[in-house]
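*Asks:* A structural model of the following input is requested.
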Amino acid sequence: PGPPPPPKTTPPARARKTPPPPPPKKKKTKKKKKKKKTPPPPPKKKKKKKKKPPPPPPTHKG
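*Replies:* Numbering: from 1, shown residues only. Okay, the predicted model is just below:
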């Protein structure tokens with residue numbers, strides 16, 4: 001038989017490369033728009049719901 005196979009060794013764990021720090025982001029200065037305060041709407045009166053009359057029973061046509 002041929003030579004014995006080399007013993008299987010687990011490859012050494014690779015040291016994790018630390019990701020490079022992200023470049024400093026320039027902060028965009030947003031101008032805040034002044035919101036005009038709208039006066040609150042007047043309270044609405046609730047409408048009373050009218051009860052619908054029950055539908056007439058269906059007439060069976062012979």
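
*Asks:* where's K8 relative to G2, distance?
*Replies:* From K8 over to G2 the distance is 17 Å, taken as Cβ to Cβ, to the nearest Å. Every residue, glycine included, has its C-beta placed from N, CA and C.

*Asks:* P7: neighbour count?
*Replies:* Residues contacting P7 under the criterion other Cβ atoms under 10 Å number 5.

*Asks:* Give me the pLDDT for it.
*Replies:* If you check P7, the pLDDT there is 75.

*Asks:* for G62, same thing?
*Replies:* 60.

*Asks:* P43 too?
*Replies:* Listed pLDDT for P43 reads 80.

*Asks:* Helix, strand, or coil at it?
*Replies:* State at P43, reduced to three classes by DSSP: H, G, I helix; E, B strand; the rest coil: coil.

*Asks:* quick one: the helices in this structure?
*Replies:* Under the criterion DSSP state H, the chain contains no helices.

*Asks:* Just the pLDDT for P21.
*Replies:* On the pLDDT scale, P21 gets 82.

*Asks:* and what of K27?
*Replies:* 76.

*Asks:* same thing with the one 3 residues further on?
*Replies:* Among the per-residue scores, K30 shows a pLDDT of 76.

*Asks:* Neighbours of it, how many?
*Replies:* 6.

*Asks:* Distance of it relative to P40?
*Replies:* 28 Å.

*Asks:* for P24, same thing?
*Replies:* Per Cβ to Cβ, P24 is found 44 Å from P40.

*Asks:* Same question for K33.
*Replies:* 21 Å.

*Asks:* K31 now?
*Replies:* K31 sits 27 Å away from P40, going by Cβ to Cβ.
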